[in-house]
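Participant: coordinates for the following, if possible.
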Amino acid sequence: MKTLSPQFAAHLASGATTLCWCWRLTRRDGTHLGFTDHDRQLIFDGTTFEAASGFTASEIKDTVGLAVDNLEVTSAITSDALVEADLAAGYYDDAAVEIFRVNWSDPAQRALMRSGSLGEVRRSGIAFSAEVRGLAHYLQQPKGRLFQYTCDASLGDARCAVNAKAPTFQGLGTVLAVTSARQFTAYGLSTYATGWFTRGLLTFTSGAAVGQQIEVKSHTMTAGTVSIELWSAARLPLIANQTFVITAGCDKHLRTCASKFANAANFRGFPHMPGNDFLVSGP
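Facilitator: Okay, here's the model as predicted:
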């Protein structure tokens, strides 16, 4: 049940309403974006809700129980705040979403109708549709530790205890030539062996992709030329002379933890856990 202010309740009961929808997105980098289906911008809670004609949403449905409530928002990328490269780079992945019903003649009269997060985003030209998932979808995600052969810690975190910022495990590189948004050659990493940064983390420190962190798919060095391939696309334009920090990769196996990082004492997997071979080894 929604609790409405007396003023907003009176407005709804008047029979002549001035209502609109407002959506507030909070990206994982802390950026707030606001949109409304009203024909002029509205401001409340320190957020400017930009008028976006054609910004529409499907019906909001609430269900009893723990089923995930979804709705879909469709629009075109007509706002300067919505950049296609940001969508492709994953800036809006799992972004927090708040949906308000607002009296546009007095924005202080409003009600929060739904909180959730962005799910699947589909694009076609300048048009896009985004799935808004209810908070119940987090209940479907694994929580806590996993009993598995491989380590479930992140390199350099408190459980791992490796100093990932040490020069041995972290390099400073510069883009030399760009093949695609996921592949480029670099210099500044010639002292590291092939594969040292495979499965590692790359963070851009300049250019359009500054601050973007992407996992490294492969790191190779051939005839002195270092090639980097990323798992997902960098924010464009990706050009020569952009700088980045890259951290050594870990495949989460005990042998790698011991030989590459000398950190077997802090290994957070269960390498001696019996598996299917043990179960079928009896007579």
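Participant: what ranges do the helices span in the stretch 151-283 of the chain?
Facilitator: 254-259, 276-279 (DSSP state H, counting those that start in this stretch).
Participant: worst average pLDDT in those helices?
Facilitator: Across the helices of the stretch 151-283 of the chain, helix 276-279 has the smallest mean pLDDT, namely a mean of 77.
Participant: let's have the helices of the stretch 151-283 of the chain in a markdown table, adding distance to Thr17.
Facilitator: No exception for glycine: its C-beta is placed from N, CA and C like everyone else's. Putting the helices of the stretch 151-283 of the chain into a markdown table (distance: least, C-beta to C-beta, whole Å) gives the following:
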| stretch | distance to Thr17 |
| --- | --- |
| helix 254-259 | 62 |
| helix 276-279 | 63 |
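Participant: out of these, which one sits most buried?
Facilitator: helix 254-259 (a mean of 16; mean count of other C-beta atoms under 10 Å).
Participant: quick one: contacts of that one?
Facilitator: Residues from elsewhere that reach helix 254-259 (C-beta atoms under 8 Å, 6 or more residues apart in numbering): Cys151, Cys250, Asn263, Ala264, Asn266, Phe267, Gly269, Pro271.
Participant: and which of those residues is nearest to Ala130?
Facilitator: For the contacts of helix 254-259, the closest approach to Ala130 (C-beta to C-beta) belongs to Cys250, at 33.5 Å.
Participant: you'd agree that closest one is up against Leu155?
Facilitator: Yes. If you go by C-beta atoms under 8 Å, Cys250 and Leu155 touch, sitting 4.8 Å apart.
Participant: who's more crowded, the two?
Facilitator: The residue with more neighbours, out of Cys250 and Leu155, is Cys250; 24 against 20, by other C-beta atoms under 10 Å.
Participant: who are the neighbours in contact with the more buried one?
Facilitator: Cys151, Leu155, Arg199, Gly200, Thr256, Cys257, Lys260, Phe261.
Participant: separation between the fifth one and Val162?
Facilitator: The reference is to Thr256. 11 Å (C-beta to C-beta, to the nearest Å).
Participant: what is the longest helix of this protein by residue count?
Facilitator: For the chain, the helix with the greatest residue count under DSSP state H is helix 6-13.
Participant: for that one, buried residues please.
Facilitator: Phe8, His11 (16 or more other C-beta atoms under 10 Å).
Participant: residues contacting it, please?
Facilitator: By C-beta under 8 Å, 6+ apart, helix 6-13 touches Leu4, Thr17, Thr18, Asn103, Asp106, Ala108, Gln109, Arg110, Ala111.
Participant: one more: stretch 213-222?
Facilitator: Looking at what lies outside stretch 213-222 - C-beta under 8 Å, 6+ apart - the contacts are 182, 189-190, 192-203, 226-232, 234, 246, 249.
Participant: would you map out the domains in the protein?
Facilitator: 6-140, 170-247 (automatic domain parsing).
Participant: those domains: which one's closest to Asp277?
Facilitator: The nearest among these, by C-beta to C-beta, is domain 170-247 at 26.1 Å.
Participant: before we move on, back to that, mutual contacts of Cys250 and Leu155, please.
Facilitator: Gly200, Phe261.
Participant: re the thing from before, ranking the domains of the chain by mean pLDDT, which is last?
Facilitator: Mean pLDDT is lowest for domain 6-140 out of the domains of the chain, coming in at a mean of 77.
Participant: now do the contacts for Leu146.
Facilitator: Here Leu146 is in contact with Asp152 (C-beta under 8 Å, 6+ apart).
Participant: excluding chain neighbours, what is closest to Arg27?
Facilitator: Ala95 (4.8 Å; C-beta to C-beta, 6 or more residues apart in numbering).
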